[in-house]
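*Asks:* only geometry, no sequence info:
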Ligand SMILES: Nc1ncnc2c1ncn2[C@@H]1O[C@H](COP(=O)(O)OP(=O)(O)O)[C@@H](O)[C@H]1O
Ligand SMILES: Cc1ncc(COP(=O)(O)O)c(C=O)c1O
Ligand SMILES: [Mg+2]
């Protein structure tokens, strides 16, 4: 049987835990043929690990998308897009493709929420990406922005945010409580337009989880391409990422990436589900 093809439109994280590197590693672990159209390159200052984002020329992105679409991806994922123009290109790429699935990881900032957002990007994601999304995978902060509710701190607020994001066109919404939601467990909320389901694992160490979000969305993309329903795809993506976080490792004094292959090679973490 031939492999399903998965395409990420995303940035390069030179430290290789997140971004298109995480996507490709995950696509490979989950038995798809992973492809990339690169938007930007993120480099780090070795002394401070301060991030520097260098966008690629837009015509180079256009050429990559044209090449990748000619190969025929079955599912497309977006990661760091960075500008309204690129958000528009990602939306158009999905429309121009024959892909059946579009997974939008609405990356707004790399880590934390202390950086200034570009409000134009959020507006463009709401207008151009959400109406096309098979699944959208915001973290707590991004869900607050996409819903317009601001800071979210409870499951009830996450449900309200998921309802609004669904109303804005995303067919399936998963809000990652993850490391940001208080408590002993890592809780994500899944909404399919009818039912709210909590997906829960133990909360593992939070120091070495760089790339968790990208890995989760990439696993969802590969699972959809391989025929899983959106519900199965997100549950199994959480198995994949929770295992990767448990076995995350210290890279240097600043960062530790998840271990993308842990679910296949070390252990599979169980995910509990509960309707709320
Ligand atoms: N410390 C942790 N232990 C277990 N799971 C976690 C932990 N931190 C995040 N996760 C899970 O990893 C996935 C990615 O979430 P998160 O790290 O919040 O995303 P992002 O990297 O986009 O901010 C979610 O399924 C979340 O619940
Ligand atoms: C290129 C790129 N994309 C996406 C992200 C977001 O990563 P995460 O999976 O931690 O949300 C980062 C963070 O460093 C990045 O460098
Ligand atoms: Mg993220």
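*Replies:* Nice, thanks for sending it over. The model shown is predicted, which means the values in this text are computed figures rather than measured ones. Residues are numbered from 1 along each chain as shown. Ligands and ions are numbered 1, 2, ... in the order given.
*Asks:* Run a quick neighbour tally on residue 125.
*Replies:* 27 (other CB atoms under 10 Å). Bear in mind the C-beta positions are built from the backbone N, C-alpha and C, glycine included.
*Asks:* Contacts only, for whichever residue of the stretch 101-250 of the chain sits closest to ligand 1.
*Replies:* Nearest residue of the stretch 101-250 of the chain to ligand 1: residue 213, at 2.0 Å (CB to the nearest ligand atom). Taking CB atoms under 8 Å, 6 or more residues apart in numbering as the criterion, residue 213 is in contact with 18, 105, 107, 137, 139, 176, 178.
*Asks:* Out of the residues you listed, which are close to ligand 2?
*Replies:* By CB under 6 Å from any ligand atom, the members of the contacts of residue 213 lying near ligand 2 are 18, 107.
*Asks:* List the ones among the contacts of residue 213 that fall in strands.
*Replies:* residue 176 (DSSP state E).
*Asks:* Quick check: the residue of the stretch 101-250 of the chain closest to ligand 1 is in a helix.
*Replies:* Yes. Using DSSP: H, G, I helix; E, B strand; the rest coil, the assignment for residue 213 is a helix.
*Asks:* what's the neighbour count on residue 56?
*Replies:* Using other CB under 10 Å: residue 56 sits among 17 other residues.
*Asks:* before we move on, what about residue 256?
*Replies:* There are 20 residues near residue 256, going by other CB under 10 Å.
*Asks:* what residues are up against it?
*Replies:* Taking CB under 8 Å, 6+ apart, one finds 17, 207, 208, 209, 210, 248, 249, 250 in contact with residue 256.
*Asks:* Quick check: the farthest pair among those?
*Replies:* The span of those, defined through CB to CB, is set by 17 and 207 at 12.5 Å.
*Asks:* which one of the contacts of residue 213 sits closest to ligand 2?
*Replies:* Nearest to ligand 2 among those is residue 18, at 3.5 Å by CB to the nearest ligand atom.
*Asks:* check contacts around that closest one.
*Replies:* Applying CB under 8 Å, 6+ apart, the residues near residue 18 are 110, 210, 211, 213, 214, 215, 257.
*Asks:* cool, residue 197 as well?
*Replies:* Here residue 197 is in contact with 189, 190, 191, 231, 273, 274, 275, 276 (criterion: CB under 8 Å, 6+ apart).
*Asks:* Let's have the residues you listed in TSV, adding distance to residue 48, pLDDT and secondary structure.
*Replies:* What follows is the contacts of residue 197, written out as TSV (distance: CB to CB, whole Å; pLDDT from 0 to 100; DSSP: H, G, I helix; E, B strand; the rest coil):
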residue	distance to residue 48	pLDDT	secondary structure
189	35	98	strand
190	37	98	strand
191	39	98	strand
231	42	98	helix
273	41	98	strand
274	42	98	strand
275	45	97	strand
276	42	96	coil
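*Asks:* Of these - the most surrounded one?
*Replies:* Top of the contacts of residue 197 by neighbour count (other CB under 10 Å): residue 189, with 24 neighbours.
*Asks:* and the residue of the chain positioned farthest from its centre, helix, strand or coil?
*Replies:* Taking CA atoms, centre = their mean as the measure, the residue most remote from the mean C-alpha position of the chain is residue 47, 28.1 Å away. Following three-state DSSP, residue 47 is assigned to coil.
*Asks:* So for residue 17 and residue 207, which residue has more residues nearby?
*Replies:* Per other CB under 10 Å, whichever of residue 17 and residue 207 has more neighbours is residue 17, with 25 against 12.
*Asks:* show me what contacts the more buried one?
*Replies:* 210, 211, 251, 255, 256, 257, 258 are the contacts of residue 17 under CB under 8 Å, 6+ apart.
*Asks:* Show me the strands in the protein, by range?
*Replies:* Ranges of strands within the chain are 4-13, 32-44, 51-55, 75-78, 101-104, 135-136, 172-176, 185-191, 196-202, 272-275, based on DSSP E.
*Asks:* want to throw the contacts of residue 17 into TSV with distance to ligand 2 and pLDDT?
*Replies:* Below are the contacts of residue 17 laid out as TSV (distance: CB to the nearest ligand atom, whole Å; pLDDT from 0 to 100):
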residue	distance to ligand 2	pLDDT
210	6	96
211	5	97
251	12	97
255	9	94
256	11	97
257	9	98
258	8	98
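*Asks:* Just send these back as CSV, with distance to residue 154 too.
*Replies:* What follows is these, written out as CSV (distance: CB to CB, whole Å):
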residue, distance to residue 154
210, 27
211, 27
251, 34
255, 30
256, 29
257, 30
258, 27
